[in-house]
Structures are given as C-alpha cells and as structure tokens.
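Chemist: quick one: sequence plus predicted model below, questions after.
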Amino acid sequence: MSRNNRKSKQVLQENITKIKIPFNKTILFKVFSIIILLTLFLVPTLSLLINFINPSTNSTNVKTQSIRVKN
C-alpha cells in the first residue's frame with residue numbers, strides 16, 4: 001500500500017507541474033498583452049505631450065504667417 005501511495009503522490013506531483021506550466025504561460029501572455037496595449041495607448045499620448053512641450057515647425061510657421069498677415 002505504501003508503494004502505491006508513493007506512486008500516486010508522484011503522479012499527482014507530475015500532474016500538478018503539468019497544470020502549472022500552461023497557467024504560467026497564460027499569465028505571461030496576459031502580462032505581454034497588457035504591456036502591448038499600454039504601449040499602444042501611451043505612444044500617442046506621449047507624442048501629444050511632446051507636441052505641447054515642443055511644438056512642431058508647422059505650428060510655428062502658421063503662427064509666424066498669422067503675425068505677418070496682421071502686420
């Protein structure tokens with residue numbers, strides 16, 4: 001009986017490790033998908049922030065043209 005119990009414990013441990021591996025893979029997949037989504041949302045917002053801090057040459061050209069028209 002003790003041998004059978006040991007074998008069953010080994011089988012249980014093997015099954016547990018088999019279950020853990022795909023579970024960890026799903027967690028990794030979720031983490032990577034969240035990172036990808038965050039970058040997809042963060043890149044446009046960062047570009048907008050950069051445009052507010054350092055306006056592009058097109059916007060400055062428009063400003064200078066409007067000033068010239070007023071003068």
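Modeler: It's in.
Chemist: quick check: mean pLDDT of the helix ranked longest in the chain?
Modeler: The single longest helix within the chain, with elements called by DSSP state H, is helix 2-53. Across helix 2-53, the average pLDDT comes to 79.
Chemist: which helices and strands does it pack with?
Modeler: The contact analysis (3 or more CB pairs under 8 Å, 6 or more residues apart in numbering; DSSP states H and E) places helix 2-53 against no helix or strand. Quick note: C-beta positions are derived from backbone N, CA and C, even for glycine.
Chemist: roughly how far does L37 sit from F52?
Modeler: 24 Å (CB to CB, to the nearest Å).
Chemist: sorry, that was for F41
Modeler: Counting by CB to CB, the gap from F41 to F52 is 17 Å.
Chemist: what of I34?
Modeler: Distance from I34 to F52, counting by CB to CB: 27 Å.
Chemist: cool, F32 as well?
Modeler: In terms of CB to CB, F32 sits 31 Å off from F52.
Chemist: one more: R6?
Modeler: 68 Å.
Chemist: what of L40?
Modeler: 20 Å.
Chemist: V43 now?
Modeler: 15 Å.
Chemist: cool, and K7?
Modeler: 68 Å.
Chemist: try T45
Modeler: Distance, T45 to F52, by CB to CB: 11 Å.
Chemist: mind listing what's buried in stretch 27-41?
Modeler: Buried residues in stretch 27-41, counted by 16 or more other CB atoms under 10 Å: none are found.
Chemist: and it, C-alpha only, in CSV?
Modeler: Extracted C-alpha coordinates of stretch 27-41, given in CSV (Å, rounded to 0.1, in the frame of the first residue of the first chain):
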residue,chain,number,x,y,z
ILE,A,27,-0.2,34.7,-17.0
LEU,A,28,2.8,35.6,-19.2
PHE,A,29,0.6,36.1,-22.2
LYS,A,30,-1.7,38.4,-20.2
VAL,A,31,1.2,40.4,-19.0
PHE,A,32,2.6,40.8,-22.5
SER,A,33,-0.8,41.7,-23.9
ILE,A,34,-1.3,44.3,-21.2
ILE,A,35,2.2,45.7,-22.0
ILE,A,36,1.4,45.9,-25.7
LEU,A,37,-1.9,47.6,-25.1
LEU,A,38,-0.3,50.1,-22.7
THR,A,39,2.4,51.0,-25.3
LEU,A,40,-0.3,51.4,-28.0
PHE,A,41,-2.1,53.9,-25.8
